[in-house]
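Chemist: below are the sequence and a predicted model; questions follow.
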There are 2 protein chains.
Amino acid sequence: MVAALEKSIAEPNPLKSEEVQKIHAYWRACNYLAIGMIYLRDNPLLKEPLKAEHVKYRLLGHWGASPALSFTYIHLNRLIKKYHQNMIFMAGPGHGAPGVLGPVYLEGTYSEIYPDKSEDEEGMQKFFKQFSFPGHIGSHCTPETPGSIHEGGELGYSVSHAYGAAYDNPDLIVAVVAGDGEAETGPLATSWHSNKFLNPIRDGAVLPILNLNGYKIANPTILSRISTEELESLFVGYGYTPYIVECKEDDDYLECHQKMAATMEHCVTQIRAIQQEARSSGVAKRPRWPMIILRSPKGWTGPKVVDGKKVEGFWRSHQVPMGEMHTKPDHLKLLEEWMKSYKPEELFDENGTLIPELKELAPTGTLRMSANLNANGGLLRKALKLPNFRNYGIDVQKPGTVEVENTRPLGQFMRDIMKCNLHNFRLFGPDETASNKLDNVYEVSKKTWLADYLPEDDPCSQMSPDGRVMEMLSEHTLMGWLEGYLLTGRHGFFHTYEAFAHVIDSMFNQHAKWLDICIKEVSWRAPVSSMNIMLSSVVWRQDHNGFSHQDPGFIDLVTNKSAEVVRIYLPPDVNTLLCVADEAFRSTDKVNVIVVDKQKHMQFLSMDEAIKHCAKGIGIWDWASNDDCGTDPDEPDVVMACCGDIPTMESLAATAILREEFPELKIRFINVVDLFTLTPDTEHPHGLSHKDFDTLFTPDKPVIFNFHGYPWLIHKLTYRRTNQHRIRVRGYKEEGNINTPLELAIRNQVDRFNLVIDVIDRVPKLGSAAAHAKERMKNAIIENLDYAFTNGIDKEEIVNWKWPY
Amino acid sequence: MVAALEKSIAEPNPLKSEEVQKIHAYWRACNYLAIGMIYLRDNPLLKEPLKAEHVKYRLLGHWGASPALSFTYIHLNRLIKKYHQNMIFMAGPGHGAPGVLGPVYLEGTYSEIYPDKSEDEEGMQKFFKQFSFPGHIGSHCTPETPGSIHEGGELGYSVSHAYGAAYDNPDLIVAVVAGDGEAETGPLATSWHSNKFLNPIRDGAVLPILNLNGYKIANPTILSRISTEELESLFVGYGYTPYIVECKEDDDYLECHQKMAATMEHCVTQIRAIQQEARSSGVAKRPRWPMIILRSPKGWTGPKVVDGKKVEGFWRSHQVPMGEMHTKPDHLKLLEEWMKSYKPEELFDENGTLIPELKELAPTGTLRMSANLNANGGLLRKALKLPNFRNYGIDVQKPGTVEVENTRPLGQFMRDIMKCNLHNFRLFGPDETASNKLDNVYEVSKKTWLADYLPEDDPCSQMSPDGRVMEMLSEHTLMGWLEGYLLTGRHGFFHTYEAFAHVIDSMFNQHAKWLDICIKEVSWRAPVSSMNIMLSSVVWRQDHNGFSHQDPGFIDLVTNKSAEVVRIYLPPDVNTLLCVADEAFRSTDKVNVIVVDKQKHMQFLSMDEAIKHCAKGIGIWDWASNDDCGTDPDEPDVVMACCGDIPTMESLAATAILREEFPELKIRFINVVDLFTLTPDTEHPHGLSHKDFDTLFTPDKPVIFNFHGYPWLIHKLTYRRTNQHRIRVRGYKEEGNINTPLELAIRNQVDRFNLVIDVIDRVPKLGSAAAHAKERMKNAIIENLDYAFTNGIDKEEIVNWKWPY
């Protein structure tokens, strides 16, 4: 067990009488505003008796979490002012947005950004009415909320977001409130370990405030119902020094403020002391960072009892403490009394403006957490200094004859990106950087590691407290870090196993939605760097790991999100990968998904060809076609189309067989790099017009489309295309176990032999030769499967196949 | 902090000299087999000098995790025999399958199930060769593995699976090895809290063995690189008493066996004592359950050094300690020496059969963990005793005129299911049972809660140690519990927020894949109950929570999985919901996804009609059609199709408007309950033939399809249908923020007015009336949006709309 905690707090009652009164008054103002937002559409200062018509018909928002959020916020404000501390705020329980919006409005930022929500009665009325009201703002800390980079709608990511924001931000403290409901989620439960990846010299700090208000919607929370001993042990085990601030319903509010002020000051000074020591000694070690556990009543300061039932300090105050305001006059009465209990007339002047004595409690300018530039990170963002990606390309003299590991040159490119952008670029991946052949980055920056070292750690282990390659076996935590890092204006690249990208499906959804709102509805947010995701260890090379590791469906999900935000690339080789990566690094406000395998693959395009090909995103490969290079759109007998590295190779191999079997057959070979070219241009900015699509694919010739993913995704994208029924799509159809690569391809019919059969079945003009050729293909399949079963590997001629023309 | 741990272990060296020697010999046999599986295709007993031709070309499998798995397994065996303990084994690091398959083979189960892998040299050769070999078994604890109900391919779910298996299984101990890599995942990190939901009286126990072997693929693990004090604190915080067994590379193996034997015996007797006390006193409280932390070298007993580099006890032994066996003779030599170091000649007789003195160490019959019936739960499964679902239906005299909360009668049905099946049915949901209107179940069974109680807990809190409603704010943990519960032969129902079902996308994928393999390839596995998932709080009723809560894409993912396994139902009302739920409860080996909203909705079908409608899964609603009831397939001018509760209501409302505006227009109204009816019958067993599809939808008339989810999912399912381009699909297209329900519908064009416009645009014969009608629709849209913006709610006439015919 860890020795007794360092719990002595220097100054137990740091606030003078006047100051504590003022702080409490400020909190009353916050709570008043929170209730106003939830309930009122008019009569904001209660200057006239409250009537039903002043109350919204639909009561939305979560009162329960709100008071503790504003309580925390204003105590942070005190320290920001005192220490001129650079700080941002994240509300894990983002559904308690009224507890955040209140202080944001009081410190003036809201009115600066949204001038019609001015700091007066009229503005307050609009501020109240707009909350969770059609056509206006939501009930979470959505992108519209100044100072927010964490919506808190989907729970679980507050702490990882906080750490992501703190990395490479040495002056910043990220204060993050985690709710005890959220604390039950898996992603949050592991993200506490992020402290093993935070370097006190070059990174900022995270101050977690775990708010135990005891309840979720209708249940107590686990962490509020274990002993204090267990609770403390848990966070000591996570590597923190937890400080408990306990405030009960009947506690004196002023004493609560004193406790919070003392504890928070202790924590902030501890953080500064830790940083000071590390920075002056130059020794980066993991300290035991402080954290606060705030036990406070749910719906604190709200009605104690409604309709005879306990509300304050109970799950009944989770959302609105009472409803039916238009039919129950006693509820209306209770609301009025409740709101008046905060004495708004002492807080706001006649005009509805916060009185100056309180106004001065908040910091000013960009020290305000709501106006901190880190929370509108695009303003701080500097474009990446990108070396010329062409320099990392490989020489392709003749297509389809050389094999290279597709991702290794990307790793070299990223090594130099890291070199040129050492303080604002990081690479994220779950324990797979070397496995994904990106390990050249270690030449410039090693793996971040602030946990213990052992004598056996050798240089090959590539660990360092100064590293900027982030590896932890939690896709959730990595993704959370990346999001926090990007939204504070930096750059990153995330790579993961294709099948297990589904672990972070929901995080992708949320980030894509965040960006979509920012682009379309929040003009004051400056563009941030795109989220770049590389899926490697792809389905077709999971023949050895088997069925559970085979799932190319992440991109299916991606296609459901806003066309303004999402991009999907399937580069077939090294040079195309470098092109799309370069584009991804330059882009903003996007999610770029790149699907590429890490193993050795055939190389097809020279760098110049790759640049041209990627610029269009789709194109005819003349060298693989024999239809007079596509000058006549009706020319070919069949279109062999492909998308993805392995399907491309199989399509080419099929084309080679076809050219040998049927020398007269005119084949057009099309490769797709940018998946969204397949959709109409009315659906996605990268989409081809129907005319261009028909020019490429012809309007009526059979198309044999060999696809990396689930075949029906192509049908989903092309269902509006001319004669779409002529497009025969092959792809992964959940057939696989332990196989050889070819066997896995055969089981899903993306292999060369089945593709030839597809052509034979669809092109009538092949005549009598067709039947024989088909027979040969069937035999080849049987023969290759037999070989695989016997030897456990594919034949040499398959493994070393080269484009023969 | 928690007081000093109870660490005194009664008998520190419980094994007699002969016994410990035997146990070690058994372990040597396990390790020998593990290496054989990874490396050999022939010469299994090394009777002749090892040659390259005896070695597989492709070396797959993870040696690193294997020795500690078998080490643990055989120490569990000792206690199973000693106490006749009912026990199963789960390998979190399932990629260490060789460490599981070894003991499974040695105790004879493997040969019983797969007679060609007999207990002799010939069988051993096949047993070795088949491992991770094309056409044979995988390198994880896949369904083919006797005794496994946890593949361990995707990491994070071992502990929740273990608890799920233990619930309502009072005699069972689930021994679960969690790897320290897996322990970094979010799902695992929170699943330790499952102990707050385990009742020592009526549930079995979980004995977690956290194996700290220190490394992942290429990195140390977090938990192996924090101080022992932090490590112990963490697990004390999680509510366990951790016992550390530490074995280093150079430790005497016999001493390691003594330590493990002593600790494991202490834990098992502790578990039995806890249960004994609770069961005799009748008081169910949460004890501090024991757990083991086994620190052991990665690749334990393997080569210490290969090519001059440290291997044993290091990340280099994660997969195979050395490769290139066909080109590096010294590697081959090393392999032979290594294998011979286990002295196979002492372990196996001349025939290759384990010698009797060792054989007797394993339990026999169904006491063997590999033959325990709980790990082939279908054998134990009893069909649910189902009350007649018709009794919970509602009386629908006239369609489209009454509103009822769709899910409440289902809650009443499940209340009685629970009553009739109290020991093998559980309901799972993240804090939303009441919110989803299923709270009638509490009348029979409350929420399981073994954490602390407070005086304020009132009967409305519905908590009890005896409850069987499982609520925790972790979809991962709930899903893991459900999977463990189902795979051990019981029944369950999981309900969650539609948007946040994506949190468990990957778990769904894995379970669907597990079932697919069981159905198709593992005939000895008896069918288990289906996984039933209800998605509520659907996208169309997230108008108030806003954009982040709007995502109907879970079902997109479901359609990617095997047609043998997946079913998707979108019942439009109460009676259809009851029908499909009844079918779901009766089914086996499926994942049934039911999408239905919890709020008040229009009721359409009487119970008899609902039964008929659900039997087909799709059908014409005559009462809403005016095309002579579909007797002539070419009759209607337009087909109004719909799928999902809210889209159905809007389609009906549109139909009512159309009938008023264009009395001559012949409309056929089709509702889809079973989504897979839309696919061809060649693709899914529920699919309609093309003929039947055309009979319903006509071959050529315009279809206006109003869909619950993303519209392109319908195109994906119907792309092969006749004239698919005539199907105009409306659905959610990522347009939404804070809206009223109608406004959200309008923004995505699934509302009645836009549907009418769609019909006008697609049916040419409407003539001059069309333009006026279209104008009226556009005006209605503007008017309703204005009303919503002003009042924050929809007009009374929208909210209370009824079918007028």
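Modeler: Okay, I see it. Nothing here was measured: the structure is a model prediction, and the numbers come from that model. Residues are numbered from 1 along each chain as shown, chains lettered A, B, ... in the order given.

Chemist: check the offset of stretch A:219-235 from the chain's centre.
Modeler: Centre-to-centre, stretch A:219-235 and its host chain are 29 Å apart (C-alpha atoms, centre = their mean, to the nearest Å).

Chemist: stretch A:517-531 too?
Modeler: Chain-centre distance of stretch A:517-531: 14 Å, with C-alpha atoms, centre = their mean.

Chemist: do it and chain B meet?
Modeler: Yes: counting by C-beta under 8 Å from any C-beta of the partner chain, chain B has neighbours in stretch A:517-531: A:Ile517, A:Glu521. (Glycine included, C-beta is placed from N, CA and C.)

Chemist: show me where pLDDT drops low in chain A?
Modeler: A:1-8, A:10, A:629-634 (pLDDT under 70).

Chemist: how is it carved up into domains?
Modeler: Following automatic domain parsing, one gets these domains for chain A: A:17-374, A:389-600, A:617-799.

Chemist: just put those in JSON lines and tack on distance to B:Leu577 and mean neighbour count.
Modeler: Putting the domains of chain A into JSON lines (distance: least, C-beta to C-beta, whole Å; neighbours: other C-beta atoms under 10 Å in any protein chain shown) gives the following:
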{"stretch": "domain A:17-374", "distance to B:Leu577": "22", "mean neighbour count": "22"}
{"stretch": "domain A:389-600", "distance to B:Leu577": "26", "mean neighbour count": "22"}
{"stretch": "domain A:617-799", "distance to B:Leu577": "28", "mean neighbour count": "20"}
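
Chemist: residues contacting the helix or strand where A:Leu742 lies, please?
Modeler: Using DSSP states H and E, A:Leu742 maps to helix A:741-747. The set of residues that contact helix A:741-747 without belonging to it, under C-beta atoms under 8 Å, 6 or more residues apart in numbering or on different chains, is A:540-543, A:550, A:646, A:650, A:735-736, A:739, A:751, A:753-754, A:781, A:784-785, A:788, A:794-795, A:798, B:134.

Chemist: name the nearest residue to A:Thr401, ignoring sequence neighbours.
Modeler: Taking C-beta to C-beta, 6 or more residues apart in numbering or on different chains, and ignoring the residues beside it in sequence, A:Thr401 has A:Lys802 as its nearest neighbour in space, at 4.8 Å.

Chemist: pretty sure A:Arg668 sits in a strand.
Modeler: Yes: read with DSSP: H, G, I helix; E, B strand; the rest coil, A:Arg668 is one of the residues of a strand.

Chemist: for A:Phe789, list the residues it contacts.
Modeler: Applying C-beta under 8 Å, 6+ apart, one finds that A:Phe789 lies in contact with B:Pro134, B:Gly135.

Chemist: work out for me the element it sits within.
Modeler: Using DSSP H and E, the element containing A:Phe789 is helix A:769-791.

Chemist: is the very next helix or strand once past that helix anywhere near chain B?
Modeler: Using DSSP H and E, the helix or strand that follows helix A:769-791 in sequence is helix A:796-799. No: for helix A:796-799, no contact with chain B is found by C-beta under 8 Å from any C-beta; the gap never falls below 10.9 Å.

Chemist: near chain B, which residues of the stretch 701-805 of chain A?
Modeler: Applying the criterion C-beta under 8 Å from any C-beta, the portion of the stretch 701-805 of chain A that neighbours chain B consists of A:710, A:712-713, A:715-716, A:719-720, A:724-725, A:734, A:737-740, A:743, A:788-789, A:791-793.

Chemist: likewise the stretch 551-700 of chain A?
Modeler: Proximity of the stretch 551-700 of chain A to chain B is confined to A:Asp551, A:Gly553, A:Asp556, A:Leu557, A:Thr559, A:Asn560, A:Lys561, A:Ser562 under the rule C-beta under 8 Å from any C-beta.

Chemist: am I right that the first one sits in a helix?
Modeler: No: with three-state DSSP as the criterion, A:Asp551 is located in coil rather than a helix.

Chemist: list the helices and strands the strand or helix carrying A:Thr72 packs on?
Modeler: With secondary structure defined by DSSP H and E, A:Thr72 is part of helix A:66-83. Packing contacts for helix A:66-83, counted by 3 or more C-beta pairs under 8 Å, 6 or more residues apart in numbering or on different chains; DSSP states H and E, involve helix A:17-39, strand A:86-91, helix A:98-106, strand A:172-179, strand A:205-212, helix A:253-281, strand A:289-295.

Chemist: who does the last one pair up with?
Modeler: The one in question is strand A:289-295. Next to strand A:289-295 in the sheet, as set by DSSP bridges, lie strand A:205-212 (parallel), strand A:240-246 (parallel).

Chemist: surely A:Cys141 is in contact with A:His161?
Modeler: No: assessed by C-beta atoms under 8 Å, A:Cys141 is found out of contact with A:His161, at 11.2 Å.

Chemist: which residues are in contact with each of these two?
Modeler: A:His150.

Chemist: got the contact list for the residue in the stretch 301-450 of chain A that chain B sits nearest to?
Modeler: Using C-beta to the nearest C-beta, A:Asp431 is the residue of the stretch 301-450 of chain A that sits closest to chain B, at 4.5 Å. The contact partners of A:Asp431, taken as C-beta under 8 Å, 6+ apart, are A:Glu471, A:Met472, A:Leu473, B:Gly181, B:Lys216, B:Ile217, B:Ala218, B:Asn219.

Chemist: centre of the chain versus the helix holding A:Thr72, how much separation?
Modeler: For helix A:66-83, the distance to the chain centre is 27 Å (C-alpha atoms, centre = their mean).

Chemist: CA atoms of that helix as CSV?
Modeler: What follows is the C-alpha trace of helix A:66-83 in CSV, where atoms were taken according to Å, rounded to 0.1, in the frame of the first residue of the first chain:
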residue,chain,number,x,y,z
SER,A,66,-25.0,22.1,-13.3
PRO,A,67,-24.4,23.6,-9.9
ALA,A,68,-21.2,21.7,-9.2
LEU,A,69,-19.9,22.6,-12.7
SER,A,70,-20.3,26.3,-12.0
PHE,A,71,-19.0,25.9,-8.5
THR,A,72,-15.8,24.4,-9.9
TYR,A,73,-15.6,26.9,-12.7
ILE,A,74,-15.6,30.0,-10.4
HIS,A,75,-13.1,28.5,-8.0
LEU,A,76,-10.8,28.0,-11.0
ASN,A,77,-11.4,31.6,-12.0
ARG,A,78,-10.1,32.7,-8.7
LEU,A,79,-6.8,30.9,-9.2
ILE,A,80,-6.5,32.0,-12.9
LYS,A,81,-6.7,35.6,-11.7
LYS,A,82,-4.4,35.0,-8.8
TYR,A,83,-1.7,33.2,-10.8
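
Chemist: quick one: that helix to strand A:172-179, angle?
Modeler: Angular relation of helix A:66-83 and strand A:172-179 on a 0 to 180 degree scale: 160 degrees, by axes from the mean of the first three to the mean of the last three C-alpha atoms, to 10 degrees.

Chemist: between helix A:66-83 and helix A:253-281, how many degrees?
Modeler: Using the same axes, to 10 degrees: helix A:66-83 against helix A:253-281 is 50 degrees.

Chemist: need the helices and strands packed on helix A:66-83 in TSV with distance to A:Asp120, can you?
Modeler: Formatted as TSV, the entries for the helices and strands packed on helix A:66-83 read as follows, by distance: least, C-beta to C-beta, whole Å:
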stretch	distance to A:Asp120
helix A:17-39	14
strand A:86-91	25
helix A:98-106	11
strand A:172-179	30
strand A:205-212	32
helix A:253-281	28
strand A:289-295	33
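
Chemist: how close does A:Ile35 sit to B:Arg720?
Modeler: Note on A:Ile35: its distance to B:Arg720, by C-beta to C-beta, to the nearest Å, is 56 Å.

Chemist: what do you get for A:Ile611?
Modeler: Shown here: A:Ile611 relative to B:Arg720, a distance of 38 Å by C-beta to C-beta.

Chemist: cool, A:His725 as well?
Modeler: Look at A:His725 and B:Arg720: by C-beta to C-beta, they are 7 Å apart.
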